[in-house]
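Participant: here is my input, please return the structure:
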Amino acid sequence: MTEHTIIVAAPAGPGRQRLTELLRRKGATVRSLERERLVPQGQLVIEDTRVLLGGEDLLLGATAAVILEPGTMWPLPALDPTAEQWAAHRGRFDDWLRDERESASLWFSLLAIIDELVPTVVNPQVAQAHLALKPDALALLREAGVAVAPTLVTNDPEAVARFCADHPDDALLALPLWPGAAPRRLAREDLAALPLDQEPLLLQALPGAEQLDVTAVAGRALDGTLPPRAEASVRAVHEHLELTLGLVTFRGAAENLLLSDLGLPDLGAIDEHRARQVVDALWDHLEAACP
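Facilitator: Below you'll find the model as predicted:
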């Protein structure tokens, strides 16, 4: 592959900068796309087969696209503003909410157009939907034969009590339903104080406290030798969820690691050598997909 034009769609920040820089070092032409709430007048035209951004056809000649963290590119803001948000927008929160909604619709649509018109898309919208809809993704993997940690999603205290009774010797972990928030381990005495009247809970029972985070590209783990069952789970994430560039988290005991969570590697937070390894593997995948 001598010439490669790649769209990088990601939020502004070090992860996007690093991915763009490393792909350019590979010799690719990179067209960068980030969500902006306000698009300068005269800078955007979306037609049936082309997208003009700043006068450049974003899709022209593009052979691949890499999408990172679009969940932060098209979030809908909370309907219940904080005092700080009210102050920041001088009481015009309804206008701000409308602007955010329209911006979310626009950028989500741009990603859908990329999915449709660019030959190879790394982490298409279906993969991002699986990341955002975690209970469904875990259920799909379980149906595919992946060893997923026992999981309960509920706001019913009695269901939580039954789940804990069924796993008396296991550690309990509460996972956020939306990417970005950190999981938290729960003691049995914590369960009575869970705010189930405010939000549902995703609870997992784990046979130990060990954790293994595996960076994967196209179903291949970049973290050395894994147990065969973990390797098969990583392949299943790529095959069934179309998550080409992903972070797969296993938790449990060393002899019994279970798939627990899914995410995206933070290219901006890892060291340069590790980031190059990820992009090298990604480049190999793109060369195979777009010869």
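
Participant: check Leu206 and give its pLDDT.
Facilitator: Per-residue pLDDT puts Leu206 at 96.

Participant: nope, Leu79 is what I was after
Facilitator: Taking Leu79 on its own, its pLDDT is 55.

Participant: with Asp190 instead?
Facilitator: 85.

Participant: assumed it was part of a helix.
Facilitator: Yes - counting by DSSP: H, G, I helix; E, B strand; the rest coil, Asp190 is part of a helix.

Participant: quick one: it and Ser260, what's the gap?
Facilitator: From Asp190 across to Ser260, the span is 19 Å (Cβ to Cβ, to the nearest Å). Every C-beta, even on glycine, is put in place using the N, C-alpha and C of the backbone.

Participant: which of these two has more neighbours?
Facilitator: Ranked by neighbour count (other Cβ atoms under 10 Å), Asp190 and Ser260 place Ser260 first, with 21 against 12.

Participant: so who does Thr5 touch?
Facilitator: By Cβ atoms under 8 Å, 6 or more residues apart in numbering, Thr5 lies in contact with Ala28, Thr29, Val30, Arg31, Gly61, Ala62, Thr63, Ala64.

Participant: Leu172 sits in which helix or strand?
Facilitator: Using DSSP states H and E, Leu172 sits within strand 171-175.

Participant: what is the subsequent helix or strand relative to that strand?
Facilitator: Next along from strand 171-175, by DSSP H and E: strand 184-186.

Participant: how about that next one: buried residues?
Facilitator: For strand 184-186, burial by neighbour count (16 or more other Cβ atoms under 10 Å) applies to Leu186.

Participant: also stretch 139-156?
Facilitator: Neighbour counts over stretch 139-156 (16+ other Cβ under 10 Å) mark Leu140, Leu141, Val146, Ala147, Val148, Ala149, Thr151, Leu152, Val153 as buried.

Participant: spell out the secondary structure type for the closest residue to the first one other than its chain neighbours.
Facilitator: If you skip the residues right next to it in sequence, Leu140 has His240 as its closest partner in space, 6.0 Å away by Cβ to Cβ, 6 or more residues apart in numbering. Per three-state DSSP, the local secondary structure of His240 is helix.

Participant: hmm, Val248 is touching Leu259, no?
Facilitator: Yes - using Cβ atoms under 8 Å, Val248 is in contact with Leu259, at 6.6 Å.

Participant: list residues touching both of the two?
Facilitator: In contact with both Val248 and Leu259: Ser233, Val237, using Cβ under 8 Å, 6+ apart.

Participant: tally of neighbours for Ala129?
Facilitator: 14.

Participant: could you dump stretch 117-136 to CSV, C-alpha only?
Facilitator: Coordinates of each C-alpha in stretch 117-136 appear next as CSV, following Å, rounded to 0.1, in the frame of the first residue of the first chain:
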residue,chain,number,x,y,z
LEU,A,117,-19.0,5.4,2.0
VAL,A,118,-15.4,4.7,3.3
PRO,A,119,-14.3,1.1,2.3
THR,A,120,-12.6,0.2,5.6
VAL,A,121,-13.8,1.6,9.0
VAL,A,122,-12.0,0.7,12.2
ASN,A,123,-14.6,0.7,15.0
PRO,A,124,-17.7,1.5,13.0
GLN,A,125,-20.9,2.7,14.7
VAL,A,126,-22.0,-0.8,15.5
ALA,A,127,-18.9,-1.3,17.6
GLN,A,128,-19.4,2.0,19.3
ALA,A,129,-23.0,1.1,20.1
HIS,A,130,-21.8,-2.1,21.7
LEU,A,131,-19.4,-0.1,23.8
ALA,A,132,-22.2,2.2,24.9
LEU,A,133,-24.8,-0.5,25.4
LYS,A,134,-22.7,-2.7,27.8
PRO,A,135,-25.3,-5.1,29.1
ASP,A,136,-26.3,-6.0,25.5
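
Participant: if you count neighbours, what's buried in that stretch?
Facilitator: For stretch 117-136, by 16+ other Cβ under 10 Å, it's 117-118, 120-125, 127-128, 130-132, 134.

Participant: over to stretch 50-63?
Facilitator: Val51, Leu52, Leu53, Leu58, Leu59, Ala62, Thr63.

Participant: would you verify that Arg16 is located in a helix?
Facilitator: Yes - under three-state DSSP, Arg16 falls within a helix.

Participant: quick one, what contacts it?
Facilitator: Val8, Ala10, Ser32, Glu34, Leu68, Gly268.
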